[in-house]
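# sequence and predicted structure, then a few things I'm wondering about:
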Amino acid sequence: MARLLLLLVLIGGICAAAAASSPLLPAAETMRVSFAGKSEFRTVNRKPLGTCLDPSPYLEISVSTGGAPLPDEAFLNVTVSGVRRPDRSHWLAMITPSNSSVLGCPLNGVNYIETGDLASLPLLCHYPVKAQYLTSDPGYLGCKASACQKRRASGTCKVRTCAATLAFHVINFRTDVEFVLFSGGFATPCVLKRSGALPFANPAKPLHGHLSSVDSKATSMRLTWVSGDARPQQVQYGTGKTATSVATTFTHKDMCSIAVLPSPAKDFGWHDPGYIHSALMTGLQPSQSYNYRYGSDSVGWSNTTEFRTPPAAGSGELSFVIFGDMGKAPLDPSVEHYIQPGSTSVAKAVAAEMQTGKVDSIFHIGDISYATGFLVEWDFFLHLITPLASQVSYMTAIGNHERDYAGSGSVYPTPDSGGECGVPYESYFPMPASGRDKPWYSIEQGSVHFVVMSTEHEWSEKSDQYNWMEMDLSSVDRSRTPWVIFIGHRPMYSSSSGIPPSVDPNFVSSVEPLLLNHKVDLVFFGHVHNYERTCAVYQGNCKGMPKKDAKGVDTYDNSNYAAPVHAVVGAGGFNLDGFPKIGLHSWSLSRISEFGYARVHATKTDMLVQFVNSNTSAVQDQFRIVKGAR
């Protein structure tokens, strides 16, 4: 790994040196006031444009808006016409903002590779949000859509050109959008034609409202949303109540990097995040439904949404959904940075689950958006989860793709966050954490005490986080919350192998004794992209095995506590990991490599856990943990 990182650094240095040798565009071409309301826009990586030799004089790019500004969400038909000779190397990029550089930078492949994305993607000096080859239109190479541009005196066509129409899904990024036609494929692009800037109708529009719990009383809920305007806005809720927002933001200067190779977040993948608004709704009652909307008269209002508060600590029962490693996927045929193919099916399945009214909260345990330094990806992810997170408490844990980067203080010095180092994550998902860059917390809902840790921050004995975990676990009142569920990102047990290994023995040896000593009932982790369940396990040995109940469901009796049960639920969207066919561990009782999530129903004496396949809605594994009433 160290040699690979050194190679990436050296390649990046060559790329940076080559970029620095290019003269910058004149100031008028490089500086533009941000639609997010900033007084200056990022000039990082603004380089001169590369133009293809002798492009067709008939080229045009038309977008199906009829000249109107872009709405907050649209599926656009983009037509490229006037092509003299259709070619497989022709492709169309959607970039934002429109003044971003589209010069080819072949060595920028390192910016994708360092985050783990090995897909074939456009190698430009600024990250293109989406890209499609014109061959996405099946009639393009055969010139099925043609037009005569010039006729002979006889009336016959002298110059015939071809066209292609592609579908692009666009959401409100706050900065304008442009479509750019290239030749030369993704690796050696040159510009054929630009559409010109396409602004959004309301770049300040409040969007992507999502909820989170702030304590165990369930009488307050935090609402967080994104807008292009920094002025305070409001959430109106209940019967005439209001709360005013506090707006924050971050800049590329807040991102992590190293001297030789600028991180994607600081350079190649930067996009203005606008402003993140947060407001606290108070005076609520547990397990009750309320309506709300957010925004202001000056920037507009969201639609009215109904949400439900979770049950308060100590109440009789709780139902929640839990998964990890979700990310997002395009809703059109485009390629994007780091596609998680199962994410849309999981989001749809959880939305359907919520329609039953039996979901009190959602836990997303690490690897949240996989933006990894390509900041526009956070907008796509927030758009994907809004139907879920706007209705119930959406609680999160930090993962390697949110936090880790060399020199950042992470336990693991991999470049997985692309230089984000937790800053966007903590901005978009304010949890009831111990402090800035201390994203661990506990919360109680119903009969469950949740301990949410960071596997990416120091967890060794006597560290701040270790001391906090020990204190929190020692403080649990089992008469109020008989169940203790421990949550983190990287697992302690997994049958899947990988390089580097998914299980860190140092983490296990440091933290696992805490789980046993404080009689943690159930442990959820992600990171490995599948589902796996263990026996009641400690130090690799089964201390207790489940027995079948009258319905044939595996049941662990924690009236005589033996050890925690572990479940990996990292099948939320990322490409799935398989399992070895031989050499399986005795502690591994159930293994499923399908996209899905776990749903949990807990009373005071019984906890039912089911793994649900998001494509079929079938329950593929289920188990119970029971204990006598206390």
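Yes, it's here. Computed from a prediction, not measured in an experiment: that's the story for all the values here.

# pLDDT weak spots in the protein?
Scanning the chain for pLDDT under 70 picks out 1-50, 629-630.

# and the strand ranked longest in the chain, what's buried?
If you go by DSSP state E, the chain has its longest strand at strand 157-171. Neighbour-count burial for strand 157-171 flags 161-171 (criterion: 16 or more other Cβ atoms under 10 Å). Just so you know, the C-beta spots here come from the backbone N, C-alpha and C atoms, and that holds for glycine as well.

# before we move on, what about stretch 216-225?
Of the residues in stretch 216-225, those scored as buried under the neighbour-count criterion (16+ other Cβ under 10 Å) are 216, 218-219, 221-225.

# next, count neighbours for residue 342.
Using other Cβ atoms under 10 Å, residue 342 is surrounded by 25 other residues.

# quick check: the most centrally placed residue in the chain vs residue 119, distance?
With distances taken as Cα atoms, centre = their mean, residue 369 lies nearest the centre of the chain, 0.9 Å away. From residue 369 across to residue 119, the span is 16 Å (Cβ to Cβ, to the nearest Å).

# what's the local residue count around the nearest residue to residue 317 once chain neighbours are set aside?
If you skip the residues right next to it in sequence, residue 317 has residue 603 as its closest partner in space, 4.7 Å away by Cβ to Cβ, 6 or more residues apart in numbering. Other residues near residue 603 number 16, with proximity taken as other Cβ under 10 Å.

# dump the residue contacts of residue 603.
Contacts were defined as Cβ atoms under 8 Å, 6 or more residues apart in numbering; by that measure residue 603 touches 316-317, 447.

# what residues are up against the spatially closest residue to residue 539 that is not a sequence neighbour?
In this structure, residue 539 finds its nearest non-sequential neighbour in residue 512, 7.0 Å apart by Cβ to Cβ, 6+ apart. For residue 512, the contact set (Cβ under 8 Å, 6+ apart) comprises 492, 538-539.

# quick check, nearest of these to residue 301?
Nearest to residue 301, judged by Cβ to Cβ, of these is residue 492 at 46.0 Å.

# so that closest one sits against residue 502, correct?
No - Residue 492 is beyond contact range of residue 502, at 10.0 Å (criterion: Cβ atoms under 8 Å).

# who has more neighbours out of those two?
Taking other Cβ under 10 Å, residue 492 and residue 502 do not tie; residue 492 has more neighbours (26 against 21).

# measure that one to residue 408 for me?
As for residue 492, its distance to residue 408 is 24 Å (criterion: Cβ to Cβ).

# gap between the nearest residue to residue 374 once chain neighbours are set aside and residue 576?
Here the nearest residue to residue 374 in space, its sequence neighbours aside, is residue 269; by Cβ to Cβ, 6+ apart that works out to 3.7 Å. For residue 269, the distance to residue 576 (Cβ to Cβ) stands at 26 Å.

# among the contacts of residue 603, who's most crowded?
Among these, residue 447 has the most neighbours (other Cβ under 10 Å), with 22 neighbours.

# tilt between the helix or strand where residue 178 lies and strand 157-171?
Under the criterion DSSP states H and E, the helix or strand holding residue 178 is strand 178-183. Comparing the axes of strand 178-183 and strand 157-171 via axes from the mean of the first three to the mean of the last three Cα atoms, to 10 degrees yields an angle of 130 degrees.

# isn't residue 364 up against residue 398?
No - proximity of residue 364 to residue 398 does not meet the contact threshold set by Cβ under 8 Å, at 10.5 Å.

# all strands of the stretch 351-500 of the chain, in order?
361-365, 393-397, 441-445, 448-452, 483-487 (DSSP state E, counting those that start in this stretch).

# what residues are bridge-paired with residue 162?
Taking DSSP bridges, one obtains residue 83, residue 146 as the residues bridged to residue 162.

# what sits against it?
The contact partners of residue 162, by Cβ under 8 Å, 6+ apart, come to 81, 83-84, 86, 140, 143, 145-146.

# break this structure down into its domains, please.
What the record gives for the chain is the domain set 58-196, 218-256+275-301, 320-624, from the TED database.

# these two touch, right, residue 563 and residue 540?
No - with contact defined as Cβ under 8 Å, residue 563 does not reach residue 540; the gap is 10.9 Å.

# neighbour count for the two, which is higher?
Comparing residue 563 with residue 540 by other Cβ under 10 Å, the one with more neighbours is residue 563, at 25 against 13.

# how near is that one to residue 419?
39 Å.

# for residue 599, same thing?
Plainly put, residue 599 is 35 Å away from residue 419 if you go by Cβ to Cβ.

# partner strands of the helix or strand containing residue 306, parallel or antiparallel?
If you go by DSSP H and E, residue 306 is part of strand 305-308. In the sheet containing strand 305-308, its partner strands are strand 289-296 (antiparallel), by DSSP bridges.

# higher neighbour count, residue 269 and residue 576?
Neighbours were counted for residue 269 and for residue 576 using other Cβ under 10 Å; residue 269 has more, 28 against 19.

# any idea how far residue 53 is from the more buried one?
Residue 269 is 30 Å from residue 53, by Cβ to Cβ.

# check which residues of the helix or strand where the residue nearest to residue 539 lies are buried.
In this structure, residue 512 is located in helix 505-517 according to DSSP H and E. Going by neighbour count (16+ other Cβ under 10 Å), the buried part of helix 505-517 is 507-508, 510-512, 514-516.

# out of those residues, who's nearest residue 324?
Using Cβ to Cβ, residue 507 comes nearest to residue 324 of the buried residues of helix 505-517, at 16.1 Å.

# so what's the residue count around residue 88?
Neighbour tally, residue 88, other Cβ under 10 Å: 11.

# quick check: phi and psi on the nearest residue to it once chain neighbours are set aside?
In space, and not counting its chain neighbours, residue 88 is closest to residue 135: 6.0 Å by Cβ to Cβ, 6+ apart. In this entry, residue 135 is assigned phi and psi values of phi -70, psi -10 (degrees, to the nearest 10).
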